[in-house]
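1. My questions concern the predicted model and sequence given below.
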Amino acid sequence: MSAEKQPLFRFGDFALLPSERLLLRNGRPVALTGKAFDLLVVLVRNSGHLVSKDDLFQAVWPGLVIEEVNLSVNVSALRKALAEAPDGNGWIETVPKRGYRFSAPVEAGEAALAQLVQPSLAERWRGFAPRRALLIGLVAVAVIGVALAWRARIEPDARAFSSVAVLPFATDNAAEDFIADGLTESVINSLSLLHGLRVTPRATAFRYKRPEIDPQRAGHELGAEAVVTGRLAQHDNSLSIQVDLVDVAHGSQVWGSSYEGNTAELSHLRTRIAQDIARNLNLVLNSEEQRSLAQRTTDNADAFRAYLQARYFWNQRSESGLKRAIEGFQRATELDPRFALAYSGLSDSYTTLGYLSYLAPTDAFPLAKQYARKALELDSSLAEAHASLGYVKFYFDWDWTGADSEFREAITLNPRYPTTHQWYSVFLLATGRPQEGMREIQIAQEYDPLSLPISTDLGFHYYYNRQYDQAIKQLRNVVEMRSDFALARLWLGRSLQQVGRYEEALTEFTRAESAFQEWPVLLAARGFVDGTSGRTIEARAVLGEMESLSKRKFVTSYGVALVYAGVGENDTALTWLGKAFDERSHWLVWLRLDPRWDNLRLDPRFSALVSRMKFPT
């Protein structure tokens, strides 16, 4: 029956007004999310009858493919809001494997409204049949007015959430993963700009990319007060996105909404989703924050899709993934030459290719600088682009003052972007400020406690501070979190070699090489340990591998120098270090701190090389 014909339902102390979207208990509104309210209306209108799960899905989430957990979460929220029925039984009965039944007696229409009026008045109106419709209307207006006034009183006191985790949006089609992942990351990035909100970073949130994950459990593990879940479905060019917000402490859904559109509207859907989440977290935003939720995207649908696909490949961090990411970001900038985030993505991609020595520094870092500057020319508020520019000035330009300034600017623009704190910590360590560097890496870990790169860099700090036992302990924790994380294996092996545990070090390098095949950095690490531990033949075999590899890809001269130092050929090692300067090797920023050069430190030629770096005093 329509809401117009049945303006009011009554059960127990409750009154339900569908047309006004109000649930009253003794005249006072009861807070319900939109989907929970819709679910209650369906159940109450069918009081006493079984309503199947399929019928509920169709009525509350029409046209969407919804996980059953959404239904159970909303039923749970209703049961908590309604509490126990007067007879001690619950209002909503579960029919196993079938659906639900609203089991309490329900009065509808005039009968229900009469129960809200004092008995004496109810008796009187039976004698005034011609005026009954008017009286019903007046009473309904009075009840609704009181309810709305009460709701106006309590809404300002609604709980404001100070932390949120956006879990990876789910999809039933692997071909749509890049859209779902990109949309999730975009929402995370937008929310992270809100100063009153702590947002679980992408690296941590994406460890929960499992369809069966319980939002409340994830929230507890991530230390978030609220959790956002989402599901995306694409049919030809049409998109359906369901987004829900769960209160972790109470295990209840506080908001949910479905978004319909076509792929050309993806960027705008992202903006709407981020704005709606912020509003339902009950945040008070200033005008700058409100603008930030709607910025940093593009109106070109194809450019945005290319950007999302590029970010999907970028996050794989493999050589092939980074090169495919560059192709995607490049296409996005061709489609929209003013798309600042795509230029920032290009900068990140070339920075990473250079750092991992997949490309020669002179081929990678200048391009990274060019794209970072282009991004900042289009949008000077991009913290990521400032961080990338600082990274290039640190590792390639050796512009210590300029790097410090860019990192500080990035932190000012987005103090909760963990990567900036991570990179700044490494800069501070290399420039002789280890205590400040340790503080920054700890801040980065606080913002992203499950990030493998950040946790690895904490071990990296212990290593360069020559606290090898702490480094070993920290890095073992990382490989326990993920056994195939090659960077942690690399630094664990380097820490083990410093305490003379050469066999264990070689084992770690071998395990890392299974994930990062033909990585010159690992070859150099293995060759140095071979030479240092007296395995001269094996060390020279590594030099042969590096020479052969150099015919197909870039091999850093810094690494070749290390292997020669390991076998005691110091003159040759110094010659190769000179070549590393010609290459502008980013590894040279560690010349002062790398313990593997200890046998060369008294050589005046080595001191001269250190002087060439012009480290800040």
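-> Noted; the coordinates are in hand.
2. Contacts for stretch 408-424 next, please.
-> Among residues not part of stretch 408-424, those counted as contacts by CB atoms under 8 Å, 6 or more residues apart in numbering are 192-193, 198-199, 201, 203, 381-384, 386-387, 390-391, 394, 407, 437, 440-441, 443-445, 447-448, 451, 453-454, 457. All C-beta spots, glycine's among them, are computed from the backbone N, C-alpha and C.
3. The same query, at a cut-off of 7 Å, please.
-> By CB atoms under 7 Å, 6 or more residues apart in numbering, the residues outside stretch 408-424 that reach it are 192-193, 198-199, 201, 381, 383, 386-387, 390-391, 407, 440-441, 443-444, 447-448, 451, 453-454, 457.
4. how many other residues sit next to the spatially closest residue to Thr263 that is not a sequence neighbour?
-> Once flanking residues are discounted, Thr263 sits nearest to Asn237: 5.1 Å by CB to CB, 6 or more residues apart in numbering. Neighbour count of Asn237, defined by other CB atoms under 10 Å: 11.
5. wait, doesn't Asn237 sit right on Glu265?
-> No. Asn237 lies out of contact with Glu265 (CB atoms under 7 Å); the separation is 9.9 Å.
6. Specify the local secondary structure of Ser357.
-> coil (DSSP: H, G, I helix; E, B strand; the rest coil).
7. is it true that it touches Phe554?
-> Yes. Shown here, Ser357 and Phe554 form a contact pair, counting by CB under 7 Å, at 6.4 Å.
8. which of those two has more neighbours?
-> Higher neighbour count among Ser357 and Phe554: Ser357, with 22 against 19, using other CB under 10 Å.
9. mind checking which helix or strand of this protein has the lowest mean pLDDT?
-> Here the helix or strand of the chain ranked lowest by mean pLDDT, DSSP states H and E is helix 119-125, holding a mean of 42.
10. who touches Leu458 in this structure?
-> 441, 445, 474.
11. among those residues, which ones are buried?
-> 441, 445, 474 (16 or more other CB atoms under 10 Å).
12. so which one among these has the lowest pLDDT?
-> In terms of pLDDT, Gln445 ranks lowest among the buried ones among the contacts of Leu458, with 90.
13. Any chance you could list what contacts whichever strand or helix holds that one?
-> Following DSSP states H and E, one finds Gln445 within helix 434-447. When contacts are defined by CB under 7 Å, 6+ apart, helix 434-447 is touched by residues 201, 416, 418, 421-422, 424-425, 428-429, 454-455, 457-458, 461, 465.
14. Can you list the buried residues in that helix?
-> In helix 434-447, counting by 16+ other CB under 10 Å, buried: 434, 437-438, 440-441, 443-445, 447.
15. Return the distance of the following helix or strand past it from the chain's centre.
-> On the C-terminal side of helix 434-447, the nearest following helix or strand under DSSP H and E is helix 452-464. The chain centroid and the centroid of helix 452-464 are separated by 21 Å under CA atoms, centre = their mean, to the nearest Å.
16. List the residues that contact the residue nearest the centre of the chain.
-> The centroid of the chain falls nearest to Arg202 when counting by CA atoms, centre = their mean (2.0 Å). The contact partners of Arg202, taken as CB under 7 Å, 6+ apart, are 185, 188.
17. And for the one 5 residues further on?
-> Contacts were defined as CB under 7 Å, 6+ apart; by that measure Arg207 touches Leu450.
18. relative orientation of the helix or strand hosting Trp423 and helix 452-464 in degrees?
-> Per DSSP H and E: Trp423 is located in helix 418-430. Interaxial angle, helix 418-430 versus helix 452-464 (axes from the mean of the first three to the mean of the last three CA atoms, to 10 degrees): 10 degrees.
19. Can you give the distance from stretch 187-201 to the centre of its chain?
-> 9 Å.
20. what's the neighbour count on the residue nearest to Leu506 when sequence neighbours are not counted?
-> Spatial nearest neighbour of Leu506, chain neighbours left out: Val529 (5.8 Å); criterion: CB to CB, 6+ apart. By other CB under 10 Å, 28 other residues sit near Val529.
21. Could I get the full set of helices for the stretch 301-450 of the chain?
-> 301-314, 319-335, 340-355, 361-378, 383-392, 400-413, 418-430, 434-447 (DSSP state H, counting those that start in this stretch).
22. Mean neighbour count, those helices: which tops it?
-> helix 383-392 (a mean of 28; mean count of other CB atoms under 10 Å).
23. Measure how far that one is from the centre of its chain, please.
-> With CA atoms, centre = their mean, you get 19 Å for helix 383-392.
24. Also stretch 212-227?
-> Relative to its chain's centre, stretch 212-227 lies at 13 Å (CA atoms, centre = their mean).
25. Show me the shaky parts of this structure.
-> Applying pLDDT under 70 to the chain flags residues 1-7, 63-70, 84-89, 109-158, 211, 294-296.
26. quick one, domains of it?
-> In terms of domains, the chain is parsed into 9-157, 163-297, 310-413, 415-509, 518-617 (source: automatic domain parsing).
27. out of the ones you listed, which comes closest to Phe304?
-> When these are compared by CB to CB, domain 163-297 sits nearest Phe304, at 4.5 Å.
28. And the closest one, end to end?
-> 24 Å (CA to CA, to the nearest Å).
29. Then stretch 159-166?
-> Stretch 159-166 has an end-to-end distance of 19 Å (CA to CA).
30. Check stretch 196-205 too.
-> First-to-last residue span, stretch 196-205, CA to CA: 19 Å.
31. Buried residues, that stretch. List them.
-> Those would be 197-205, for stretch 196-205 by 16+ other CB under 10 Å.
32. mind giving me JSON lines with those and columns for distance to Thr510?
-> Converted to JSON lines, the buried residues of stretch 196-205 look like this (distance: CB to CB, whole Å):
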{"residue": "Leu197", "distance to Thr510": "44"}
{"residue": "Arg198", "distance to Thr510": "40"}
{"residue": "Val199", "distance to Thr510": "38"}
{"residue": "Thr200", "distance to Thr510": "34"}
{"residue": "Pro201", "distance to Thr510": "31"}
{"residue": "Arg202", "distance to Thr510": "31"}
{"residue": "Ala203", "distance to Thr510": "26"}
{"residue": "Thr204", "distance to Thr510": "29"}
{"residue": "Ala205", "distance to Thr510": "32"}
